[in-house]
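[1] need a structure here:
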Amino acid sequence: MAANFYVAPEQLMKDRAEYARKGIARGRALVAVEYAAGVVFVSENPSSSLHKTSEIYDRIAFAAVGRYNEFEALRVAGIRLADVKGYQYAREDVTAKPLANAYSQALGTSFMGETKPFEVELLIAQVGDGRVREADPSDPQLELFHILYDGSIVDEHRFVAIGGETEPLTRELESRWSHGLARDEAVRTAVGALTAVSDRTITADVLEVSGLDADLPRRRFFRLGTDELRGVLED
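    Numbering: from 1, shown residues only. The predicted structure follows:
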């Protein structure tokens, strides 16, 4: 009769965490940088159709690193969840925090379960509505939630790097970021940090840049095309 091998729970969790981290680290890092009216997401992504970032709802955006098929399934689930809540109640009732909590629970359940953990890290961002901007144009009411592979959730501020070499990226962002950046300055800050860490030139052709701007009408998500991004980087 074959013996059942015992693995301590601490070792099992350590092995699962190491597995997820290695899977995430194989991809390119993504940087989120806060600016005066919102947040920008910047990452290397030569594909023009397989996006790491997207709109979830009017004022909510999604960014991810790791296995594309896994975070794409999570993105679609988030859109459906937001659409159902907006239909049942009102569009203003759809906010980032419950969505981030739902993602946290899904990733945490997977991490603690018997199947392999998700190899993804997520960012969920939200900016305020027009009424908030009218009352205080200097405050975008930005919320930025960082959700790790094990379901841990962190409320981030100023900037955050996920996937790849996050520690050197965070140090670079710390030295470059300043309060009250304009959107284009925030993009150059993020690209400058990615370039410094990779020690090579990163051109607009291989970058994916998007974000949320609280000054845009109703739908706050934007995406910069290659030509527009090239102009931003050349300024």
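[2] tally of neighbours for residue 210?
    21 (other CB atoms under 10 Å). Using the backbone N, CA and C atoms, a C-beta is placed for each residue, glycine as well.
[3] likewise for the one 4 residues further on?
    Burial measure for residue 214: 22 neighbouring residues, criterion other CB under 10 Å.
[4] so it makes contact with residue 38?
    Yes. Counting by CB atoms under 8 Å, residue 214 touches residue 38, with 5.2 Å between them.
[5] what is in contact with the two at once?
    Residues within reach of residue 214 and of residue 38 at once, by CB atoms under 8 Å, 6 or more residues apart in numbering, are 127, 140, 142, 220.
[6] quick one: least confident of these?
    Lowest pLDDT of the shared contacts of residue 214 and residue 38: residue 140, 79.
[7] contacting residues around the closest residue to that residue other than its chain neighbours?
    Nearest-residue entry for residue 140: residue 214, 4.1 Å, with adjacent residues in sequence omitted and distances by CB to CB, 6 or more residues apart in numbering. Applying CB under 8 Å, 6+ apart, we find residue 214 in contact with 37, 38, 59, 127, 128, 132, 133, 140, 141, 142, 220.
[8] for PyMOL, write the selection for the buried entries among the residues you listed.
    Paste this into PyMOL to select the buried members of these, with burial taken from 16 or more other CB atoms under 10 Å:
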select buried, resi 37+38+59+127+128+133+140+142+220
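[9] which parts of the protein are strands?
    30-35, 38-44, 53-57, 60-66, 120-126, 143-147, 153-155, 159-162, 207-213, 221-224 (DSSP state E).
[10] hang on, the earlier thing: for the shared contacts of residue 214 and residue 38, which two are the farthest from each other?
    Farthest pair in the shared contacts of residue 214 and residue 38 (CB to CB) is 142 and 220. Separation: 10.6 Å.
[11] flag every buried residue along stretch 167-185.
    169, 170, 172, 173, 176, 177, 181, 183, 184, 185.
[12] nearest to residue 194, of the residues you listed?
    Using CB to CB, the buried residues of stretch 167-185 come closest to residue 194 at residue 169, 7.1 Å.
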